[in-house]
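A.B. asks: sequence unknown, structure follows:
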DNA sequence: TCAAAAGTGTTCCGAATACACCCATGA
DNA sequence: TCATGGGTGTATTCGGAACACTTTTGA
């Protein structure tokens, strides 16, 4: 038992994990096995230990619940509604993460059997536990906003990708169609993509060139006041 | 005494309060009266009560420490470094606020005597307690970023203002000079300002027209997908 | 009459948009 | 040979940036 002179809220983290498949932006949810909200879907999360930051806690939860180790992770917002957890006062620091979905599909599915984790399209979300619907809304808004002026979209793709895949990504996230020629013109003019000598494999049409995002180049440009904007 | 099965970090809020005077963007600091960091300057803040959200707590602290009641207030970031407070584990949710400085100068000064509150130019900051230097940096960056695509700058001015004052505001915050004609053209073309029939008083040169920000109009436009961008 | 800030338009340039056809490949 | 997506250039429009002089007012 731990005693304090004044009462303290419990502190947790919750993670909104975004992944992209062929046609959809998805998030990973976990089915709750216990009350409250038993059977309800919720974002993975848990208590913050005394010797870790909230960010470390978020990474740990992600690892424990999905097997995903390294990814883009950013603090979203701290939710502190007095009644947000029926068990008592719980303040939660929410994070959002971007993962290369296909890389981790198997691990997640493996851990699914134990914990019932599942990817849901952001357009077909089930009812969520606690105030997670609010967290979700904010995470989606943040992603939509951020993707336009920071090259974080690449975190959702594999290392090598075609320009069409990249365009599709933006179309899915921003939820609007983009012109192919204008998109390519703009993205290539930024000089952040490396054209590889490889090409797409096993497609029944002309194979597209593969590209890679050059993070060093981006960091260099950024520090010189360059702004990525789609 | 309050006892828990697992240890819990203490939860606090800290507030970065921005105000604008003639020539400078300023923040309000409080001189610490006790250890740790006695005599050091720090942002106003304190513990979160069990029956209030972090936002409520931030507003309360602001009221207690400065007498300022209503202002723009937004969550900044949650700081959770394990060693950020030498007394033990303390997680702090930081907020930033924008106030019409001249309105509150007196109240703040009144409370100054008791608590030693003082406005510091953001360009002449003293050493800060805890990790408050980090909080400050983030708050300033956030303000600079946000001011460009949301009309929050008006929160720093009085109800009625001249276009030159508004331009000065942006020049101070963004830290660069703007062209007068282009600025006026742009800001007026947004149709968010109401031109009043009044004029400036007591200046020893041609008196400028006074304007007012039309919040209703902005909310209406915003919901129709309008984007404020300077 | 001088100092100090208010107020006002036009030109130029670059970026964003709109738009349609041929090419390569595997089935 | 056909279906499927890959790949490419130009003309137009719109917004941002640069730029200087006249007006008003109180001291």
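C.D. replies: Okay, I see it. Bear in mind that the values here come from a model prediction, so they are computed numbers and not experimental data. Numbers count the residues shown, from 1 in each chain, chains lettered A, B, ... in the order given.
A.B. asks: how many neighbours does residue A:6 have?
C.D. replies: Counted by other Cβ atoms under 10 Å in any protein chain shown, the residues lying close to residue A:6 total 10. (Each C-beta comes from the backbone N, C-alpha and C, glycine too.)
A.B. asks: now residue A:11, nearest residue through space, not along the chain?
C.D. replies: Sequence neighbours aside, residue A:48 is the residue nearest to residue A:11 in space, at 4.6 Å (criterion: Cβ to Cβ, 6 or more residues apart in numbering or on different chains).
A.B. asks: How about the residues of chain A by DNA strand C?
C.D. replies: When proximity is defined as Cβ under 7 Å from any atom of the strand, chain A approaches DNA strand C at A:179, A:180, A:181, A:182, A:185, A:186, A:203, A:204, A:205, A:206, A:207, A:229.
A.B. asks: Residue A:160 contacts residue A:196, doesn't it?
C.D. replies: Yes: under the criterion of Cβ atoms under 8 Å, residue A:160 makes contact with residue A:196 at 6.3 Å.
A.B. asks: Now for those two: what residues contact both?
C.D. replies: Common contacts of residue A:160 and residue A:196 (Cβ atoms under 8 Å, 6 or more residues apart in numbering or on different chains): A:210, A:211, A:212.
A.B. asks: what helix or strand does the last one sit in?
C.D. replies: For residue A:212, the element it lies in under DSSP states H and E is strand A:209-213.
A.B. asks: now what about that strand, what contacts it?
C.D. replies: A:151, A:154, A:159-163, A:166, A:192-196, A:198-200.
A.B. asks: Now with 10 Å, please.
C.D. replies: A:151, A:153-155, A:157-163, A:165-166, A:187-188, A:192-201 (Cβ atoms under 10 Å, 6 or more residues apart in numbering or on different chains).
A.B. asks: Show me these that map onto helices.
C.D. replies: A:163, A:165, A:166, A:187, A:188 (DSSP state H).
A.B. asks: what about burial for the residues you listed, which qualify?
C.D. replies: For these, a burial check counting by 16 or more other Cβ atoms under 10 Å in any protein chain shown picks out A:163, A:165, A:166, A:187.
A.B. asks: and DNA strand D, which of the residues you listed contact it?
C.D. replies: Among those, the residues that sit close to DNA strand D (Cβ under 7 Å from any atom of the strand) are residue A:163.
A.B. asks: Within reach of chain B, which of the buried ones among the ones in helices among the contacts of strand A:209-213 are there?
C.D. replies: Among those, proximity to chain B is found for none (Cβ under 10 Å from any Cβ of the partner chain).
A.B. asks: okay, the buried ones among the ones in helices among the contacts of strand A:209-213 in CSV with pLDDT next?
C.D. replies: Listed next are those as CSV, based on pLDDT from 0 to 100:
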residue, pLDDT
A:163, 98
A:165, 97
A:166, 98
A:187, 97
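A.B. asks: Restricted to strands, list the contacts of strand A:209-213.
C.D. replies: A:160, A:161, A:193, A:194, A:195, A:196, A:197, A:198, A:199 (DSSP state E).
A.B. asks: What about the residues you listed, which one has the most neighbours?
C.D. replies: residue A:161 (22 neighbours).
A.B. asks: State the distance from the closest residue to that one other than its chain neighbours to chain B.
C.D. replies: If you skip the residues right next to it in sequence, residue A:161 has residue A:211 as its closest partner in space, 6.1 Å away by Cβ to Cβ, 6+ apart. Separation of residue A:211 from chain B (Cβ to the nearest Cβ, to the nearest Å): 29 Å.
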